[in-house]
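K.L.:
Sequence first, predicted coordinates after that:
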Amino acid sequence: MQIVLVLESSTLGIVIPILPFLSPRLGASDFDIAMIIASYAVCAGVAGPWWGKLSDHIGRKPVLMICTTGAALAYVLLASAQSLTMIFVARAFAGLMAGNFGVASAMMADITPPADRARGMGMIGASFGLGLVLGPVLGGLLSGPEGSFVVPCLTAAVMSVLAVIAAWFFLPESHHRDKSQPQTQERKLSLWTVLRKTQSRLLMLQYIWHTASVSAATYLFPLWVYALLNWSAREVGIVFGVQGALMALTQGLLMGPLVKLLGELRLLRVCVSGFFVGLLFAVFAQGAVSMVGSVLVALTGATLCMPVLNSFASQRAVPELRGRMMGATSAAAAWGRVLGPLLAGALLTVGGFRLAWSLPLGMVAMYWLWAFSRWPKRPVPIFDPNTQG
C-alpha cells in the first residue's frame, strides 16, 4: 500500500506548486486560483462518502484502482488545458476521483489493532509525505524557469498509471465481506445516522477546521513569497518538498513513540499548540527565514494531528461501516479545503496578507479549544449496525 500511496501523493505534490503560477497566464485572479483549488475540494467532498461506502461493498483495492485511474485522466486533461474553464473541469474531475485517502485509511484500520491505529495512520501519512517530497520538487524542476505545466502534468499522469499497476500486482485486499450475511439494515443506514450514533459529528467539524487551516496556509504561501520575495514555482516546490520530508520523518518514525509516550489525546494537544504558534508567527513574518520557518512549524504540527484524528474516527465503527466512516472524514477534510482557500482568497483581496493569515490562525484557535475541552475524554461506544438505538 505504501508504494501506491507514495506514487499517488507524488502526483498531487507535482501540481501543488505550479497551480498558483499556471492560472494567471490564462487571466485568473488570486480569487480565481482559490476557486480552482476549491473546485477540486468540493467534488472530493461530494464523492468521498460514496467511495467509502463502495469500498465497504466491493472491497478497498478495486476502489483505490478506480480512483487512481481517474486521477491519471484528470492530469492529462490538465496538461491539455488551454483555458481557465478547462483547468476548472480538470481539477473538478480530479476531485471526483479523490477517494484514495479515505479508502486507504479504512484499509489501514482493517489491518491494525486499535492500540496501534495511530501509528498505522502515521504510516499512511509518512507515505504521503515521501510522495510530497518527490512531487513538489519534480513539479518545480519540470516546470522550468518559464513555468511550463504540460510536462509536470503528464509526468503526474504517468505516475498515476504506475500506481495502478503497483496496486494490481502488490496490494492485497483487506476487507473481505461475508456475502452470506444480509445487507439490508446496513444499506439503509444514512451517513448522518452513522455519525450520530457514533457521536462523531463534532469530530467531523475538527476535520473541517484542520484542513481549512492547512489549505489556507498552502494557498497563501506561494502567493505570499511571490509578492514579497519574487519567488517562482521552483523555490516554492523546494519548500513544500522540505515539508514533505518533515511529514514523512515525523509520521513514519516519531508517531509510534510519541503515542506511547504521551497518549493520543495529549499528543493531539501538543501538536495543535505547535500549529497555532507557527501560524501566529506567520501573521507577523517579514523575511524569508521567518516566513518559511513559521509555515514549516505550523504544517509540521498539523502533520502530526491528522493520524490521531484518523485513529479516533476509525475506532468508532465496525469494519462493515469503516469505509463509510473514513469516507466521511475524507469528505469533511475536503470541505475544509473548500472553506480555507475561498475565505483566505477573499480576505487577501480585501485586506492583504496579514488579514488573510489571521483566518487559519483563528480556525486553529477553535481547534485548540476543542482539543483541550472535556469532550475528547469521553469514551465513545463502537457502533454495531446490528444493535438498535
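P.N.:
Noted; the coordinates are in hand. All values derive from a computational prediction rather than experimental measurement. Residues are numbered from 1 along each chain as shown.
K.L.:
Please, where are all the strands along this structure?
P.N.:
With strands called from DSSP state E, the chain shows none.
K.L.:
where do the helices sit along the stretch 201-350 of the chain?
P.N.:
Assigned by DSSP state H, counting those that start in this stretch, the helices in the stretch 201-350 of the chain fall at 201-229, 233-249, 255-262, 264-284, 288-314, 319-371.
K.L.:
Which among those is found nearest to residue 7?
P.N.:
helix 233-249 (13.8 Å; Cβ to Cβ). For every residue, glycine as well, the C-beta is placed using N, CA and C.
K.L.:
Using neighbour counts, pick out the buried residues of that closest one.
P.N.:
Across helix 233-249, burial judged by 16 or more other Cβ atoms under 10 Å covers 233-249.
K.L.:
Show me what it is packed against.
P.N.:
On a contact count with 3 or more Cβ pairs under 8 Å, 6 or more residues apart in numbering; DSSP states H and E, helix 233-249 meets helix 2-15, helix 19-22, helix 117-143, helix 201-229, helix 288-314.
K.L.:
mean pLDDT lowest for which of those helices?
P.N.:
Lowest mean pLDDT within the helices and strands packed on helix 233-249: helix 19-22, a mean of 67.
K.L.:
nearest spatial neighbour of residue 47, skipping sequence neighbours?
P.N.:
Once flanking residues are discounted, residue 47 sits nearest to residue 96: 4.8 Å by Cβ to Cβ, 6 or more residues apart in numbering.
K.L.:
Mind pulling up the pLDDT for that neighbour?
P.N.:
Looking at residue 96, its pLDDT reads 92.
K.L.:
Low-confidence stretches in the stretch 51-200 of the chain?
P.N.:
129, 132-133, 136, 144-148, 175-192, 194, 197-199 (pLDDT under 70).
K.L.:
Can you give the contact residues for stretch 218-229?
P.N.:
With Cβ atoms under 8 Å, 6 or more residues apart in numbering as the test, stretch 218-229 has contacts from 16-17, 20-21, 30, 33-34, 37, 231-233, 235-236, 239, 286, 288, 291-292, 295, 299, 340-341, 344-345, 348, 353, 356-357, 360.
K.L.:
are any of those buried, and which?
P.N.:
By the neighbour-count criterion of 16+ other Cβ under 10 Å, these include these buried positions: 16-17, 20-21, 30, 33-34, 37, 231-233, 235-236, 239, 291-292, 295, 299, 340-341, 344-345, 348, 353, 356-357, 360.
K.L.:
Just give me how far stretch 121-140 sits from the chain centre.
P.N.:
Relative to its parent chain, stretch 121-140 has a centroid offset of 11 Å by Cα atoms, centre = their mean, to the nearest Å.
K.L.:
I figured residue 339 was touching residue 210, is that so?
P.N.:
No: taking contacts as Cβ atoms under 8 Å, residue 339 lies outside contact range of residue 210: 11.1 Å.
K.L.:
Wait, the residue nearest to residue 47 touches residue 41, no?
P.N.:
No: between residue 96 and residue 41 there is no contact under Cβ under 8 Å: 11.3 Å.
K.L.:
Those two: who's more crowded?
P.N.:
Using other Cβ atoms under 10 Å as the criterion, residue 96 and residue 41 rank with residue 41 on top: 27 against 20.
K.L.:
which non-adjacent residue is nearest that one?
P.N.:
Take residue 41 and drop its neighbours on the chain: the residue closest to it by Cβ to Cβ, 6+ apart is residue 337, 3.4 Å away.
K.L.:
what about that neighbour, how many neighbours?
P.N.:
By other Cβ under 10 Å, 26 other residues sit near residue 337.
K.L.:
List the contacts of it.
P.N.:
37, 38, 40, 41, 44, 45, 211, 212, 215.
K.L.:
In JSON lines: the residues you listed, plus distance to residue 92.
P.N.:
Shown next, in JSON lines, are the contacts of residue 337 (distance: Cβ to Cβ, whole Å):
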{"residue": "37", "distance to residue 92": "11"}
{"residue": "38", "distance to residue 92": "10"}
{"residue": "40", "distance to residue 92": "7"}
{"residue": "41", "distance to residue 92": "10"}
{"residue": "44", "distance to residue 92": "10"}
{"residue": "45", "distance to residue 92": "12"}
{"residue": "211", "distance to residue 92": "18"}
{"residue": "212", "distance to residue 92": "19"}
{"residue": "215", "distance to residue 92": "16"}
